[in-house]
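**Student:** Fold the following, please.
(one chain, ligands or ions: 1)
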Amino acid sequence: MEPIIRIRGLTKTYQSGFSALKGVDLTINRGEIFALLGPNGAGKTTLISIVCGIVNPTGGEVRVDGHDIQRDYRRARSLIGLVPQELTNNMFDTVWATVNLSRGLFGKPPNKPLVEQTLRDLSLWDKRDERIMNLSGGMKRRVLIAKALSHEPAVLFLDEPTAGVDVALRRDMWEMVRKLRDSGVTIILTTHYIEEAEEMADRIGVITGGELVLVEEKATLMRKLGTRQLTVHLQQPLAALPEWLGGLPVQLSENGHALVYSFGEQEQNGVAELLRRLDQHGIEFKDLHSSQSSLEDIFVSLVHGRGRGADSAEAPQ
Ligand SMILES: Nc1ncnc2c1ncn2[C@@H]1O[C@H](COP(=O)(O)OP(=O)(O)OP(=O)(O)O)[C@@H](O)[C@H]1O
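**Tutor:** You can find the predicted model right below:
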């Protein structure tokens, strides 16, 4: 896959002496949705702010489509749209004026049809003559997105896009982001909602304490770290785990009323073997329930345990 952003050895030490980024290496591929997941204070906003040229790095290098973010700032920045966490609109402007102005600030010639289309896509067209202060919180957020898209960026950064928004708007946002990706925009979003990363991302990066501890395809991550479990609820409880289940990763639970079989991707055949042995020994069951450990389990083990998966973080190239 073709990279659009390359980050190498990025460090940031704030004037206070606090080290917010401790050598981050990351490549973002063209056309993907990348979710940067991390707890409060992990360094997500610092990372985004450096790529967007708002904060100067202490060390390392960032290139956007080959352009160095410091040496070739204007070219690099023109490729990026940023939807910040805080609302930064001029409340007295109309929606139409503010989005057109944003485009102008990037030195782009006026393009009314494009701005109209952007507003239509974001369901803001009916509100185009409304002053921003008269819009709901959700609509104001949409205006931020429209502004960020006004200069046709190749990459869109969304910093905590759904923090504090209701469930319906969150779903709308996700839908909107998917449409943008389908139109060819690369999306990088920060979130501490695991559900959001799980729902949206093609790849997930986990950052904690200024270090990127994992970068992985979401599907691979789920497969690699997520174990699946099959719970067999028995008609009659068992006093102990029978000998004839030896060799299978099975445990007795619920006071002998259930057998729990834990397995990875490779061990699916064991399910048939388990059911065959139960049948052979006349053990009847009420129902079967299968579950998969979620990204949340993985995240908690990474952020608190820090051991697991750290070797999957990208090596510098
Ligand atoms: N200007 C600054 N001066 C000193 N320290 C700062 C500054 N900005 C951020 N920090 C510190 O750097 C760390 C990382 O902050 P950052 O905002 O990047 O985290 P974050 O992952 O975006 O967190 P959140 O999810 O809470 O937004 C925090 O401990 C923060 O207090």
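**Student:** Count the residues that sit near residue 27.
**Tutor:** 17 (other Cβ atoms under 10 Å). Bear in mind the C-beta positions are built from the backbone N, C-alpha and C, glycine included.
**Student:** List, one by one, the residues from the stretch 151-300 of the chain near the ligand.
**Tutor:** Residues of the stretch 151-300 of the chain lying close to the ligand by Cβ under 6 Å from any ligand atom are residue 192.
**Student:** list the contacts for the closest residue to the ligand within the stretch 151-300 of the chain?
**Tutor:** Nearest residue of the stretch 151-300 of the chain to the ligand: residue 192, at 5.6 Å (Cβ to the nearest ligand atom). Contacts for residue 192 (Cβ atoms under 8 Å, 6 or more residues apart in numbering) come out as 37-40, 160.
**Student:** Just the buried ones from these?
**Tutor:** Buried residues within the contacts of residue 192, counting neighbours by 16 or more other Cβ atoms under 10 Å: 37-38, 160.
**Student:** okay, those in CSV with distance to residue 250 and pLDDT next?
**Tutor:** CSV is the format used below for those (distance: Cβ to Cβ, whole Å; pLDDT from 0 to 100):
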residue, distance to residue 250, pLDDT
37, 33, 88
38, 36, 85
160, 43, 87
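**Student:** and of those residues, the nearest to residue 285?
**Tutor:** Lowest distance from residue 285 to the buried ones among the contacts of residue 192 (Cβ to Cβ) belongs to residue 37, with 37.9 Å.
**Student:** Quick check: the closest one touching residue 189?
**Tutor:** No - using Cβ atoms under 8 Å as the test, residue 37 is too far from residue 189 to be in contact (9.4 Å).
**Student:** what's the domain layout of the chain?
**Tutor:** For the chain, whose domains are defined here by automatic domain parsing, the residue ranges read 3-79+154-223+300-312, 228-292.
**Student:** out of those, deepest packed?
**Tutor:** Most buried of these by mean neighbour count (mean count of other Cβ atoms under 10 Å) is domain 3-79+154-223+300-312; its value is a mean of 18.
**Student:** which residues of the stretch 101-250 of the chain fall in helices?
**Tutor:** Along the stretch 101-250 of the chain, the stretches classed as helices by DSSP state H, counting those that start in this stretch are 112-121, 137-149, 167-182, 194-200, 218-225.
**Student:** on that earlier part again, now the residue of the stretch 151-300 of the chain closest to the ligand. Its backbone dihedrals?
**Tutor:** phi -110, psi 10 (degrees, to the nearest 10).
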